[in-house]
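S.K.: quick check, what structure comes out for this input:
(4 chains)
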4 protein chains.
Amino acid sequence: MMRFALIGCGKIGKVHADSIAAHPRAELAWACHPREQAARTFAAEYGAKASTDVDTVLADLSVDAILIASPTSTHVDLITRGVLAGKAALCEKPIDLDITRVDACWEQIKSENPTVMMGFNRRFDPSFRAVRDRIRSGEIGRLEQLIIISRDPAPPPPGYVAGSGGLFRDMTIHDFDTARFLLGDIVEVQAAGGNFISEEIAEVGDIDSASIMMRGADGTLCQIVNSRRCAFGYDQRVEAFGELGMLTVENLRPSGVRFAGGAATEVADPYLSFYLDRYIPSYRAELDHFVTAVETGTPPEPGFADGRATLALADAAGESIRSGRVVRPGV
Amino acid sequence: MMRFALIGCGKIGKVHADSIAAHPRAELAWACHPREQAARTFAAEYGAKASTDVDTVLADLSVDAILIASPTSTHVDLITRGVLAGKAALCEKPIDLDITRVDACWEQIKSENPTVMMGFNRRFDPSFRAVRDRIRSGEIGRLEQLIIISRDPAPPPPGYVAGSGGLFRDMTIHDFDTARFLLGDIVEVQAAGGNFISEEIAEVGDIDSASIMMRGADGTLCQIVNSRRCAFGYDQRVEAFGELGMLTVENLRPSGVRFAGGAATEVADPYLSFYLDRYIPSYRAELDHFVTAVETGTPPEPGFADGRATLALADAAGESIRSGRVVRPGV
Amino acid sequence: MMRFALIGCGKIGKVHADSIAAHPRAELAWACHPREQAARTFAAEYGAKASTDVDTVLADLSVDAILIASPTSTHVDLITRGVLAGKAALCEKPIDLDITRVDACWEQIKSENPTVMMGFNRRFDPSFRAVRDRIRSGEIGRLEQLIIISRDPAPPPPGYVAGSGGLFRDMTIHDFDTARFLLGDIVEVQAAGGNFISEEIAEVGDIDSASIMMRGADGTLCQIVNSRRCAFGYDQRVEAFGELGMLTVENLRPSGVRFAGGAATEVADPYLSFYLDRYIPSYRAELDHFVTAVETGTPPEPGFADGRATLALADAAGESIRSGRVVRPGV
Amino acid sequence: MMRFALIGCGKIGKVHADSIAAHPRAELAWACHPREQAARTFAAEYGAKASTDVDTVLADLSVDAILIASPTSTHVDLITRGVLAGKAALCEKPIDLDITRVDACWEQIKSENPTVMMGFNRRFDPSFRAVRDRIRSGEIGRLEQLIIISRDPAPPPPGYVAGSGGLFRDMTIHDFDTARFLLGDIVEVQAAGGNFISEEIAEVGDIDSASIMMRGADGTLCQIVNSRRCAFGYDQRVEAFGELGMLTVENLRPSGVRFAGGAATEVADPYLSFYLDRYIPSYRAELDHFVTAVETGTPPEPGFADGRATLALADAAGESIRSGRVVRPGV
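M.R.: All right, here's what the predicted structure looks like:
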């Protein structure tokens, strides 16, 4: 059994604790959170020990891996300390909001040959993965154009956006990773933003809607469409267009019911409403990938470098909006 | 040019007159109707001569074919007179409501080796025909189960049903023909009826809804579902299930627009509302088949015998409701 | 915690053991099977005790309920002994193949005011249940016509059919329950069968395909389509047609991926392949309903009488095929 | 009857001649083409006079309108001469490849208060128009993001591209007009191009694939996806996303047939293959709009200024590719 310490006992921490509990070769050893009550609640539910102190957790030699589900600002420090304590780490995105801190982190840990995986769970969504596999199998020939549509059902709660690093680092970062997952390295970024939804978001200088164009190292064109609000639920689609055809991922619905009446036909239910509905299977598969990678000593994907690359794309998109120019992401 | 005399200048007569006008090798020579004004209106619109007298029309040696779009009770007489006058005939369904009159008609005309085609236009619908062709090509292997769903958008106007011959002879007769078109001869019929929609229909002793089960000569099972009213338009679907797969015909919509909102997703327009929307292309293709058959001297399909067979199925369905038994249609 | 004894440690027993393990208020106390090794394997996996002896299990006063997943021929005896031992019972369908044994069973247990639930899991499928709820809410007005299409992906293994009681008692019985779930009591049955698929099935005197028409006590028409083999997976659909519209349940697919290429468009994956894929959520919800019913002392649905009624419909369908007549199911 | 002179008797000229012939209030008076045989063929088919000389045609005082379906390089001259001869003009897109010539043309004709309509037929497609009308009705609230996917089935024949003015002026120009039709004036353009398909296109310095981002005067974001080749037919889709929901236009198929088999389900036919299949109804409606506008003395839409605006967007997209910058189209 691989023994995990969960750092961060909030909503996304719960998702990961459930995944650990459901995994036949993993167990939760520690629930760690600054508020003791949160740690204790998780510990009780999953049969783990509770702590408010990361050092205590890292000192437990029986712990194989840490799962970092705490606020972004703590990630670099926790990755560093975890790796130096000899633990494998599965860290929620992003590594940090500041790429210089990301690079400094890597300088500190790289000599350890660390096992660090980034929590870009969508890579493990069965539909997205099937599209990746079918592209690689040659089913659509050379991939030429990729469209990623990604809209959240509703803006984050008040106060969240100000510290989020902005739309590109907070939300689009998933789509940057999906783009890299499906087409590989990206060499050009252009972006445009809009403020349609939330005055609060505009007031802190962020955008709530975005269009992004990118070019892969092999020339493939990619477009991303983002919105912080979507009336019909969590809009998560992909179109991969190639020489021989197109593979698409449609939105998922909770049932197979349709209605036809006097005013409309083929009426389907609302789509799955948010990531806790849409992506639970992908969180499970993500954890399984991490466990297997640690067990077999193979590097997990997406790794630290992938986390760094998505941040560079987010920075490039921001720079493109400011300059009105095509930007090549820093490498 | 094949010269047509149209007998019956009503709504369905207009459909056929349009088909004749649109056909490159056909023209309307006569519009014939008991009310002179109706005949004149058609004649003016299509550049034809008008008459209230069938004999005048049949005496015109330049007329190649009659198109019978008059009330059912006149069909047998018109077919007989037309054939004996040497004309080919395309006749709206049904031949008659009384199968003994149908058989008597055939006795009178059979020695003429007549060219008579029945207006079962759905055989010429591109979707239904594609299903037939793909079944024959072996795409689904042996056809095992056929489902025909056929619902009108609204009951006929008051007064119509009493003289219609009943649901099976008036409406289901199209579905009986579709069944024979797709699976061949039918040897067993069971039926059940319902009265959900119209008191007037119940009062004249007819049903407004029906379930029918049939067995083909080769054992294939077939089910028909009928209703005289459908909230979401003209429901015209087929499912052909076989050893290797299934071919279905979906309802058609006038555009490709969909809506997704807070309460529902993938919302499509209402379906095409009735036969004048859904089947205009099939009326056109039906006429073309008839014209080509006459030109080439090949027997058109569906012919007189097909019209007779559908009436026998309608009678068998009625007998099954009365007796509560499986009925073998008269041959 | 409600403590269960599972009787029958085969494939469907595994489904139920998983449901018990996943339920927060249930636990597996005993795994009982004639082959000791099977009982032990289940016991080890679920932390239960193993037994080959039903009496031992029923004598355990800490056991609240038995879950009967053994062969059909044992159901009546196990229900009777379980009820008389004071246990609640959740029993796989059918109660028995012989309705006189079913009635005799009831005579023996009825004075105990027993809590017996039949495992018609499809009532708990989210799509079918949504259709039921939406019919009841009046969304489609009066229900007029119900179509149930139910096809298994492949015939059962050799030897199974001979002892199965035949298509109607073994397979259609689920659809009879679905019909009763959606439209209520049924008063007329007509049926037709076919043998297209399996010589072995024909040799034991059973059919492998069927058409069924039924009429509800309120007049609603219902049609069922069955096949023991379906090239495109597990075909499980429902259409509920009413005055104001139609609710349908489509087949479910494992992902949201579609392909468009030179020869075809909108190509979707094969459907979920069989009941272990399609209905796992319904087995979970079924168990939850049973647990809640026992906890609250309310009668679970579907109950013993529902199991009896579906068997009466199966018998009526068989009688209709033999007699070629409409049959009123015994009440 | 409005009398038309058709200038240009090629493929698109045939589409317009058919529209004129089908229109109840229009007729073809002249077929004009430099090659006498082409003019004669059209004249014979449509009952018009033939000419190789534009002046002859324009001198015919009975001609109300010219329909310009000749090569792009002739458009400015023909518009000018037609307007000065007192004719209304319906001109195929684009006005010209050089915006300075467009502006010079306008200077010459503007004092005539000319009736000039540009042949952006997609505005008259029933699906696109329904989306426009439903946006205006408020169904999706404020329009925020517009996606236009537009792919031709195959590259133009050899030799065509060199004189076409490039992808943006030749093909995307339709999508620029669709964008303006749905969201209004556009103030920012960014573009990226790719060469995946045709060496010939690359050799003449053009691109065969493109991504475009635009911003409307009111801030609405718009993305266009273009390809000169599409394996699955003519890909013509729109997504209009707003505060309250989304309206989409799907690709259209010629029939309602679907197939399900062992390897795939819901398999649909290929989409309508090219504009002669997809947009014939829109050409008909376009002509009707023009005829009605001339009859009623109202300015037709899209007019000369709309043709000029699309060319400015095409130029801006080209400039964006060259400069790597956001470009504001010239006004």
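S.K.: use CA for all of it now, contacts and neighbours both
M.R.: Fine.
S.K.: break chain A down into its structural domains.
M.R.: The record's domain parsing of chain A by automatic domain parsing lists A:2-114, A:122-323.
S.K.: do any residues in the longest one lie close to chain B?
M.R.: Yes: for a cut-off given as CA under 8 Å from any CA of the partner chain, domain A:122-323 has contacts with chain B, namely A:231-233, A:260-271.
S.K.: give the contact list for the residue nearest to residue A:8 when sequence neighbours are not counted.
M.R.: Taking CA to CA, 6 or more residues apart in numbering or on different chains, and ignoring the residues beside it in sequence, residue A:8 has residue A:70 as its nearest neighbour in space, at 4.3 Å. Shown here is residue A:70, whose contacts under the criterion CA atoms under 8 Å, 6 or more residues apart in numbering or on different chains are A:7-10, A:13, A:92.
S.K.: quick one on the thing from earlier: which ones among the residues of domain A:122-323 next to chain B also lie next to chain D?
M.R.: Of the entries in the residues of domain A:122-323 next to chain B, the ones placed beside chain D under the rule of CA under 8 Å from any CA are A:231-232.
S.K.: give me the buried entries from the residues of domain A:122-323 next to chain B.
M.R.: Restricting those to buried positions leaves A:231-233, A:260-262, A:264-271, with burial counted as 16 or more other CA atoms under 10 Å in any protein chain shown.
S.K.: need the strands for the stretch 101-250 of chain A, in chain order.
M.R.: If you assign secondary structure with DSSP state E, counting those that start in this stretch, the strands in the stretch 101-250 of chain A sit at A:116-118, A:143-151, A:186-194, A:209-216, A:221-227, A:235-242, A:245-249.
S.K.: pretty sure residue A:233 is touching residue A:270, no?
M.R.: Yes: in terms of CA atoms under 8 Å, residue A:233 counts as a neighbour of residue A:270; the distance is 6.6 Å.
S.K.: mutual contacts of those two, please.
M.R.: Counting by CA under 8 Å, 6+ apart, the contacts common to residue A:233 and residue A:270 are residue B:262.
S.K.: what about the closest residue to chain D within the stretch 201-331 of chain A, neighbour count?
M.R.: Of the stretch 201-331 of chain A, the residue with the smallest distance to chain D, taken as CA to the nearest CA, is residue A:325 at 4.3 Å. For residue A:325, the tally of surrounding residues (other CA atoms under 10 Å in any protein chain shown) stands at 21.
S.K.: what of residue A:47?
M.R.: When neighbours are defined as other CA under 10 Å, residue A:47 has 15 of them.
S.K.: from residue A:55, how far out is the closest residue to it other than its chain neighbours?
M.R.: The spatially closest residue to residue A:47, leaving aside those adjacent along the chain, is residue A:28, at 7.3 Å (CA to CA, 6+ apart). Residue A:28 is 17 Å from residue A:55, where distance means CA to CA, to the nearest Å.
S.K.: that older thread, and of the domains of chain A, who's closest to residue C:153?
M.R.: For residue C:153, the closest of those is domain A:122-323, at 18.8 Å, according to CA to CA.
S.K.: hmm, back to that, relative to chain D, how far out is the residue nearest to residue A:47?
M.R.: Summarising the geometry, the distance separating residue A:28 from chain D, computed by CA to the nearest CA, to the nearest Å, is 41 Å.
S.K.: any idea what that residue is bridged to?
M.R.: Applying DSSP bridges to residue A:28 yields these beta-bridge partners: residue A:4.
S.K.: show me the contacts for the closest residue to residue A:325 other than its chain neighbours.
M.R.: Among residues not flanking residue A:325 along the chain, residue D:325 sits closest, at 4.3 Å (CA to CA, 6+ apart). Remark: with contacts taken as CA under 8 Å, 6+ apart, residue D:325 is in contact with A:324-326, D:190.
S.K.: also residue A:157?
M.R.: Contacts here follow CA under 8 Å, 6+ apart; on that basis residue A:157 touches nothing.
S.K.: per-residue pLDDT, it?
M.R.: Looking at residue A:157, its pLDDT is 90.
S.K.: for the helix or strand of chain A with the lowest mean pLDDT, list every residue counted as buried.
M.R.: Considering only helices and strands, the least confidently modelled element of chain A by mean pLDDT, DSSP states H and E is helix A:275-278, at a mean of 88. Residues of helix A:275-278 classed as buried: residue A:278 (neighbour count, 16+ other CA under 10 Å).
S.K.: ok now that helix, how far from the chain's centre?
M.R.: 13 Å (CA atoms, centre = their mean, to the nearest Å).
S.K.: for chain D, what are the nearby residues on chain A?
M.R.: Chain A has residues A:144, A:190, A:192-194, A:196-197, A:210-213, A:219-223, A:229-232, A:243-245, A:324-326 near chain D, with proximity defined as CA under 8 Å from any CA.
S.K.: in the stretch 101-250 of chain A, what spans have low per-residue confidence?
M.R.: Scanning the stretch 101-250 of chain A with the threshold set as pLDDT under 70 gives no residue ranges.
S.K.: looks to me like residue A:40 is in a helix.
M.R.: Yes: Residue A:40: assigned to a helix according to DSSP: H, G, I helix; E, B strand; the rest coil.
S.K.: who are the contact partners of the residue lying closest to it once chain neighbours are set aside?
M.R.: Residue nearest to residue A:40 in three dimensions, not counting chain neighbours: residue A:50, with 5.2 Å by CA to CA, 6+ apart. Applying CA under 8 Å, 6+ apart, one finds that residue A:50 lies in contact with A:30-32, A:36, A:39-40, A:42-43.
S.K.: widest-spaced pair of those residues?
M.R.: When the contacts of residue A:50 are compared pair by pair using CA to CA, the two farthest from each other are A:30 and A:36, 12.4 Å apart.
S.K.: for residue A:45, grab the count of nearby residues.
M.R.: Burial of residue A:45 is recorded as 11 neighbouring residues (other CA under 10 Å).
S.K.: if you could redo that for residue A:329, that was the one I meant.
M.R.: For residue A:329, the number of neighbouring residues by other CA under 10 Å comes to 19.
S.K.: would you mind measuring from it to residue A:312?
M.R.: Taken as CA to CA, the span from residue A:329 to residue A:312 is 6 Å.
S.K.: what's opposite residue A:211 in the beta bridge?
M.R.: residue A:192, residue A:225.
S.K.: what about it, distance to chain C?
M.R.: Taken as CA to the nearest CA, the spacing of residue A:211 relative to chain C amounts to 24 Å.
S.K.: distance of that residue from chain B?
M.R.: Applying CA to the nearest CA to residue A:211 and chain B gives a distance of 21 Å.
S.K.: run a quick neighbour tally on that residue.
M.R.: Using other CA under 10 Å, residue A:211 has 24 other residues around it.
S.K.: put the alpha carbons of the least confident helix or strand of chain A into CSV.
M.R.: Taking C-alpha atoms only, helix A:275-278 is exported to CSV below (Å, rounded to 0.1, in the frame of the first residue of the first chain):
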residue,chain,number,x,y,z
TYR,A,275,-15.9,19.5,-12.3
LEU,A,276,-17.1,17.4,-9.3
ASP,A,277,-19.6,15.9,-11.7
ARG,A,278,-17.7,15.9,-14.9
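S.K.: that older thread, of all the domains of chain A, which lies closest to residue D:179?
M.R.: Using CA to CA, the nearest of the domains of chain A to residue D:179 is domain A:122-323, at 15.1 Å.
S.K.: so what's the gap between the closest one and the chain middle?
M.R.: The gap between the average C-alpha position of domain A:122-323 and the chain average comes to 9 Å, counting by CA atoms, centre = their mean.
S.K.: close to chain C: what parts of the stretch 101-250 of chain A are there?
M.R.: Proximity of the stretch 101-250 of chain A to chain C is assessed by CA under 8 Å from any CA, with A:126-127, A:130-131, A:140, A:244-250 identified as the residues in range.
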